[in-house]
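>>> what's the 3D shape of this:
(one chain, ligands or ions: 1)
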Amino acid sequence: MTYQTLLEACGLSTGQTSSGSLVVTTPVDGSEIARLETHAPSDVEAMVTTATAAFKAWRDVPAPRRGELVRLLGEELRAAKEDLGRLVALECGKIYQEGLGEVQEMIDICDFAVGLSRQLYGLTIASERPGHSMRETWHPAGPCAVITAFNFPVAPWAWNAALALVCGDPILWKPSEKTPLTALATHRIFERALTRFGDAPEGLLQVVVGDAAAGNVLVESPDVAVVSATGSVRMGRAVGPKVAARFGKLILELGGNNAMIVGPSADLELAVRAIVFAAVGTAGQRCTSLRRLIVHEDVYDKLVPRLAEVYAKLPIGDPLADGTLVGPLIDGAAAEAMDKALKAAAADGGTVHGGGRALVDTYPDAAYVHPAIVEMPAQTDIVREETFAPILYCMKYRELDEAIAIQNDVSQGLSSCIFTTDLREAERFLSAAGSDCGIANVNIGPSGAEIGGAFGGEKDTGGGRESGSDAWKGYMRRATNTINYSNALPLAQGVSFDID
Ligand code: NAD
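Next comes the predicted model:
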């Protein structure tokens with residue numbers, strides 16, 4: 001299948017993708033695959049007006065009926081899974097299997113949201129006054145901006161959109177300027193669900209094509225009730241204060257610097273598989289990628305050489321080809337950032353295994369790299385940085401509390417894990433004195449979360465939660481209702497206020 005045939009299979013005709021100032025290239029070989037028109041700030045403002053009108057109609061549609069639209073979206077995604085999964089691989093460079101996994105995550109969250117549409121429960125609360133009742137109700141919040149990153153071009157949109165839609169909020173989606181095609185293809189899929197649904201208001205989903213400036217219009221608009229933004233800590237620092245200044249609802253999903261502790265009792269073969277998937281999968285470009293390995297001194301000399309052995313045999317290549325496990329980085333700048341980090345680590349006393357460009361002759365315009373393992377004498381500044389590339393820093397520890405201290409001694413707080421068969425160690429790691437991350441796992445890597453749990457992290461990761469559990473509350477506003485069904489007007493706390 002040529003790139004053009006794939007775009008067409010995803011509903012993107014040549015007419016729509018052949019002119020405009022935004023040039024879309026594929027990391028597979030660096031070639032141009034599309035050109036798109038971008039939205040000016042005034043276009044984005046008009047889209048917000050459309051979303052506001054859609055909100056007024058959509059909030060009155062019963063939530064289970066809103067769920068029906070998401071059920072249809074799930075069906076359409078099932079039908080489009082292979083094509084969209086392939087387009088994800090083509091546009092962001094992750095291997096096809098991971099592209100399929102990303103679309104499956106979209107399907108899973110649709111299923112979750114359909115059930116949720118009948119479970120937007122509030123509490124009933126005992127009133128202290130006779131003849132009174134109290135309850136809590138949840139109402140749609142308003143238009144919801146979803147700003148997404150290049151490395152997960154579609155799943156995080158779905159984590160937000162499936163929930164927001166059943167909660168009654170229209171969506172304004174600003175995808176990464178590096179991956180707009182997958183967003184437009186998802187929009188086509190959504191349109192098919194809308195047609196089958198029948199009477200949804202116009203503008204329930206609008207895609208804003210553009211860069212940070214286009215996203216900023218959504219961030220600053222007082223009519224955008226919820227801003228859910230996924231990306232770098234730098235982006236979060238720009239977006240967060242602006243949304244806070246207008247008291248908007250904010251969900252931030254920012255960078256991670258995720259660690260694994262490997263204890264002396266760990267099942268090392270299990271650990272090796274988990275480490276390689278988490279550190280090398282998506283070429284180290286997951287927010288949950290494993291970046292730091294903190295290994296007990298008794299097993300370090302068994303584990304790290306075994307990893308180096310596996311790394312040396314990893315199949316690097318075209319992410320759309322069978323058998324490839326490591327695809328390209330998104331662009332040349334990412335490969336340069338990797339080189340720079342490896343040099344800084346070496347200057348800090350690190351021993352680097354691997355690294356450097358791969359497949360330069362076959363793909364001179366792409367950014368394939370050899371994943372790197374770096375043995376570090378200590379956790380230096382470069383280790384504390386999130387370099388979005390397949391670099392795994394390895395460090396030794398002696399006592400568990402020392403390992404937990406190293407794990408927590410970074411500014412990010414997304415995902416973490418421990419490999420151990422010692423129950424005390426596992427529970428210590430999961431306790432209040434253990435990992436300070438939003439995700440803490442035992443005998444499983446830090447990446448590849450299921451949609452049922454709330455996803456997100458603490459500290460510089462931004463504190464937002466998306467996906468499962470009660471993350472839906474972020475897309476609604478809460479009202480506390482007190483109802484007096486008596487003939488008197490007793491005041492709370494027994495306050496007396498007689499006017500005659
Ligand atoms: P990025 O911050 O460069 O861009 C992310 C999105 O934010 C893009 O759509 C971009 O146009 C937009 N943006 C940037 N600045 C903005 C501004 N000032 N106002 C409005 N919009 C703005 O990130 P990236 O390079 O695309 O993605 C990689 C980063 O994302 C990594 O740090 C990774 O850890 C993080 N990430 C986090 C999660 C998570 O769930 N925690 C998931 C995926 C990626």
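>>> So in this protein, which helix runs the longest?
The residue-count maximum for a helix in the chain (DSSP state H) belongs to helix 63-92.
>>> quick one, helices of this protein?
In the chain, the helices defined using DSSP H lie at 3-9, 41-58, 63-92, 96-116, 155-167, 180-197, 212-220, 233-245, 268-280, 300-312, 332-347, 381-384, 400-408, 423-430.
>>> Of the ones you listed, which is nearest residue 292?
In terms of Cβ to Cβ, the element of the helices of the chain nearest to residue 292 is helix 381-384, at 6.3 Å. All C-beta atoms are positioned from the backbone trio N, CA, C, and that covers glycine.
>>> Next up, the contacts around the closest residue in space to residue 293 that isn't next to it in sequence.
Distances taken as Cβ to Cβ, 6 or more residues apart in numbering place residue 394 nearest to residue 293, at 4.6 Å, with adjacent residues excluded. The contact partners of residue 394, taken as Cβ atoms under 8 Å, 6 or more residues apart in numbering, are 293, 295, 300, 304, 307, 373-376.
>>> does residue 394 have beta-bridge partners, and which?
Bridge pairing for residue 394 (DSSP bridges) gives the partners residue 293, residue 375.
>>> Report how many residues lie close to residue 389.
26 (other Cβ atoms under 10 Å).
>>> Please apply the same query to residue 433.
Using other Cβ under 10 Å, residue 433 is surrounded by 11 other residues.
>>> Establish whether the longest helix of the chain and the ligand are in contact.
No. On the criterion Cβ under 6 Å from any ligand atom, helix 63-92 is out of touch with the ligand, staying 9.4 Å away.
>>> That helix versus helix 180-197: what angle between them?
For helix 63-92 against helix 180-197, the angle by axes from the mean of the first three to the mean of the last three Cα atoms, to 10 degrees is 150 degrees.
>>> Counting by contacts, list what helix 63-92 packs against.
Judged by 3 or more Cβ pairs under 8 Å, 6 or more residues apart in numbering; DSSP states H and E, the packing partners of helix 63-92 are helix 3-9, helix 96-116, helix 155-167, helix 180-197.
>>> Show me what the shortest one packs onto, helices and strands only.
Spelled out, that is helix 3-9. strand 32-36, helix 63-92.
>>> what about the helices and strands packed on helix 63-92, which gets the closest to residue 135?
So among the helices and strands packed on helix 63-92, helix 155-167 is nearest, using Cβ to Cβ, at 18.2 Å.
>>> and the longest helix of the chain, what's its mean pLDDT?
The predicted model assigns helix 63-92 a mean pLDDT of 98.
>>> just stretch 188-195 next, same as before
In the prediction, stretch 188-195 has an average pLDDT of 98.
>>> swap in stretch 259-279?
Computed over stretch 259-279, the average pLDDT equals 98.
>>> Quote the end-to-end distance of that stretch.
The straight-line separation of the ends of stretch 259-279 (Cα to Cα, to the nearest Å) is 10 Å.
>>> one step back: show me what counts as buried in the longest helix of the chain.
Residues 63, 66-77, 80-81, 83-92 are the ones in helix 63-92 that count as buried (16 or more other Cβ atoms under 10 Å).
>>> For the stretch 201-350 of the chain, which residues are neighbours of the ligand?
Proximity of the stretch 201-350 of the chain to the ligand, by Cβ under 6 Å from any ligand atom, involves residues 211-212, 215-216, 219, 230-232, 235, 238-239, 253-256, 287.
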